[in-house]
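A.B. asks: pasting the sequence and the predicted coordinates here, then a few questions.
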Amino acid sequence: MKKQCIRVACLLLSLSISACDQNKDRVFHDQFFSFGTLIDVSLYGVEQQLAESICRKIEADFMDMHVRWHAWQPGPLVSLNNHLANLEATTITPSLLQLLKEANRLSRLSSGLFNPVIGNLVELWGFHDNALPVGMLPDSVAIKELVDLHPTVEDVTINDNIISNQNPSVSYDLGGFAKGYAIDRAIERLRESGIHNAIINAGGDLRAIGQHGERPWRIGIRDPRQSGILASLEISGDASVFTSGDYERFFEVDGKRYHHIIDPRTGYPANNTASVTVIHSDAATADAAATALFVAGPDGWLSTAQNMGIQYVMLIDTHGNIHMNPAMRSRIHFESGMQANIILSAPLQ
């Protein structure tokens, strides 16, 4: 009888160990909607109760950040923009303070091609909410007036927690940056919880840490003109992959596409780029850089990437040419049978 009990105990222990081993090899997935897109959280080798708990916290964080950073719905950023429009100095909360400081820093590195204070232009084009514009062009005179006012982050001064402004056309819209910043905060929460193998994917823009077990994470890059995947790459350790494309939000007038990535120099959508994919260690920088390089276009992306510290870039122009630096070329894997004109740049340092 005692031997049978020992055998049963050993069997139960074996099953328990087997279950734990399987749990270590599984990927926990969770999804929720925030920042106007589907957020997908993938955690590798995490016990389910911890995974569920941390995902609920991450979801709550995203919902809170979405409300606080929304440029068009009542909240702290809308209140701030009202003060800036009236040239009134005001205090800002610590979380918003750090967000704006980082946005301003990245804007300066991009020479203003990523410009987080052109909210009035974004609104004029109708890209200020989750609905697509009605397909009508804004008044060209109104566009020129806003461009001539030339709002930049240089108009804004931040001292301690006091922010002031000297240009009434300044209006923060953090849509080209906040999603990446939020992903970075989510990765911080995961690491604080002892989770080191995960992906936070926000509508195809993501940051991955660690690995998928014994192999890297494999990431697909969308074809900007056809359905399906153009290429893929493998990442491990800590890397963010962000893509800006003219297919994300757009409308057409007389057969011409007008998308949501506005060139602050002209007031119109940047017109020489179809998509840009960048890799960087943190998501906020990758997010802002993808926007800036899209605006810079095939002639200006290399110097802008250099200034922003980006070492991996693939830009597809509106003619279908693929521009990339050698380091990116060594990492990217194109789908078999794909025909493309690849233009290699000088190396990025």
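C.D. replies: Okay, I see it. Residues are numbered from 1 along each chain as shown.

A.B. asks: stretch 315-332 - what's its average pLDDT?
C.D. replies: Across stretch 315-332, the average pLDDT comes to 97.

A.B. asks: right, I mislabeled it, should have said stretch 102-116
C.D. replies: Mean predicted confidence for stretch 102-116 is 98.

A.B. asks: and that stretch, how far apart are its ends?
C.D. replies: 11 Å (CA to CA, to the nearest Å).

A.B. asks: now it: buried residues?
C.D. replies: 102-104, 106-107, 109-116 (16 or more other CB atoms under 10 Å). Heads up, the C-betas are built off the backbone N, CA and C, glycines and all.

A.B. asks: same check on stretch 53-64?
C.D. replies: Here stretch 53-64 shows Ile54, Cys55, Ile58, Glu59, Asp61, Phe62 as buried, counting by 16+ other CB under 10 Å.

A.B. asks: secondary structure class for the third one?
C.D. replies: The local conformation at Ile58, judged by DSSP: H, G, I helix; E, B strand; the rest coil, is helix.

A.B. asks: wait, what's in contact with it?
C.D. replies: Ile58 makes contact with Val41, Ala186, Arg189, Leu190, Ile200, according to CB atoms under 8 Å, 6 or more residues apart in numbering.

A.B. asks: what sits against the nearest residue to Gly210 once chain neighbours are set aside?
C.D. replies: Nearest non-adjacent residue to Gly210, counting by CB to CB, 6 or more residues apart in numbering: Asn197, 3.2 Å away. For Asn197, the contact set (CB under 8 Å, 6+ apart) comprises Leu43, Tyr44, Gly45, Val46, Ile209, Gly210, Gln211, His212, Gly213.

A.B. asks: of the residues you listed, which is the nearest to Asn272?
C.D. replies: Ile209 (34.2 Å; CB to CB).

A.B. asks: touching, that closest one and Ile187? I think so.
C.D. replies: Yes - counting by CB atoms under 8 Å, Ile187 is a contact partner of Ile209 at 6.1 Å.

A.B. asks: tell me what the host helix or strand of Ser79 is packed against?
C.D. replies: Element membership for Ser79 (DSSP states H and E) is helix 76-85. When contacts are defined as 3 or more CB pairs under 8 Å, 6 or more residues apart in numbering; DSSP states H and E, helix 76-85 packs onto strand 90-91, helix 94-109, strand 162-165.
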